[in-house]
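*Asks:* With the sequence up front, the predicted model follows.
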Amino acid sequence: MSIPEGSLLAAHDLHKAYGPTNALDGAAFSIHPGEVVAVMGPSGSGKSTLLHCLAGIVTPDSGTIMYNGHELSAMNDADRSALRRTDFGFVFQFGQLVPELSCLENVALPLRLNGTGRKQAESTALTWMQRLEVENVAKQRPGEVSGGQGQRVAVARSLVTGPRVLFADEPTGALDSLNGERVMELLTDAARSAGAAVVLVTHEARVAAYSDREVVVRDGKSRDMERVV
Ligand SMILES: Nc1ncnc2c1ncn2[C@@H]1O[C@H](COP(=O)(O)OP(=O)(O)OP(=O)(O)O)[C@@H](O)[C@H]1O
């Protein structure tokens, strides 16, 4: 198989069917360390399925996914889960914060789950909240903050463990365009300064504009887009 040289995460000839639906039908993908790649395409084209396969959440029926020299499908479930905790971060459209915890506790949670003490975890979490410009809502609960603030808290939480790949599935889908752009600006700045690669699923061109490169998925097949500047 062909793995682009220097790629951190790469997929080749992925197939995934749900009953009669071919969600992925020969899709390929690659991302370099620190790169931001937008996965675009119409509704139902296979974008989320591709992201879930790349993140080791969904197992493809066939094809290869290489992460940092390891084949994901050759790993057992425990190793794949460990990889997701240590190397991957996730941001979704909504519903990802724990409503009973404060925003600061939410951001600190992945560190606490990895065994970091409360004081250290909350101090690191606060630094990330400052980078995402939401330190002012540290004590509030998710239900008490705006949609844009909630998404920035979620981005802080996804980056707090220092992941090498951030998977973002329609991270601005529930926001108005102004808030969406601010979230994208802060998300890409924070990821770039942390050296994290970003796999960004979106159907909006103005969101994809924050990426370095665009891949279009159609009928489960992918192709690289030449960007017209
Ligand atoms: N768990 C599932 N069970 C059955 N069919 C599924 C499942 N997940 C996805 N599909 C189907 O696979 C196809 C691709 O879905 P996918 O969610 O990957 O598309 P998408 O491009 O992310 O769509 P959207 O932009 O609407 O989120 C669709 O036809 C969808 O209905």
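*Replies:* That came through, no problem.

*Asks:* and residue 24, what are its bridge partners?
*Replies:* Per DSSP bridges, the residues bridged to residue 24 are residue 16.

*Asks:* thinking it is in contact with residue 18, fair?
*Replies:* No - Residue 24 is not in contact with residue 18 according to Cβ atoms under 8 Å; the separation is 9.9 Å. The C-beta positions use only the backbone N, C-alpha and C, and glycine is treated the same way.

*Asks:* Which one of the two is surrounded by more residues?
*Replies:* Set residue 24 next to residue 18 and count neighbours by other Cβ atoms under 10 Å: residue 24 wins out with 30 against 10.

*Asks:* how close does that one get to residue 187?
*Replies:* 26 Å (Cβ to Cβ, to the nearest Å).

*Asks:* which residue packs closest to residue 120, ignoring adjacent ones?
*Replies:* The shortest distance from residue 120 to any non-neighbouring residue, by Cβ to Cβ, 6 or more residues apart in numbering, is to residue 111 (7.5 Å).

*Asks:* Can you report how many residues neighbour the one you found?
*Replies:* Other residues within reach of residue 111, judged by other Cβ under 10 Å, total 22.

*Asks:* Return the residues in contact with it.
*Replies:* Going by Cβ atoms under 8 Å, 6 or more residues apart in numbering, residue 111 touches 120, 121, 124, 125, 160, 161.

*Asks:* ok, now with 10 Å
*Replies:* Residues near residue 111 by Cβ atoms under 10 Å, 6 or more residues apart in numbering: 117-118, 120-125, 128, 157, 160-162.

*Asks:* again, but for residue 89
*Replies:* Contacts of residue 89 by Cβ under 10 Å, 6+ apart are 55, 110, 154-155, 157-168, 191, 194, 196, 198.

*Asks:* Please pick the buried ones from those.
*Replies:* With burial judged by 16 or more other Cβ atoms under 10 Å, the buried subset of these is 55, 110, 154-155, 157-161, 163-168, 191, 194, 196, 198.

*Asks:* What about those, which are in strands?
*Replies:* 165, 166, 167, 168, 198 (DSSP state E).

*Asks:* my guess is the fourth one meets residue 54, correct?
*Replies:* It stands for residue 168. No - using Cβ atoms under 10 Å, residue 168 makes no contact with residue 54, being 12.0 Å away.

*Asks:* Which neighbours do the two have in common?
*Replies:* Common neighbours of residue 168 and residue 54 (Cβ under 10 Å, 6+ apart) are 39, 199.

*Asks:* Show me which residues of the protein sit near the ligand.
*Replies:* Residues of the chain lying close to the ligand (Cβ under 6 Å from any ligand atom) are 18, 21, 23, 41, 43, 44, 45, 46, 47, 48, 49, 203.

*Asks:* is it possible to export those residues to CSV including secondary structure?
*Replies:* Output for these, formatted as CSV (DSSP: H, G, I helix; E, B strand; the rest coil):
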residue, secondary structure
18, strand
21, strand
23, strand
41, coil
43, coil
44, coil
45, coil
46, coil
47, helix
48, helix
49, helix
203, coil
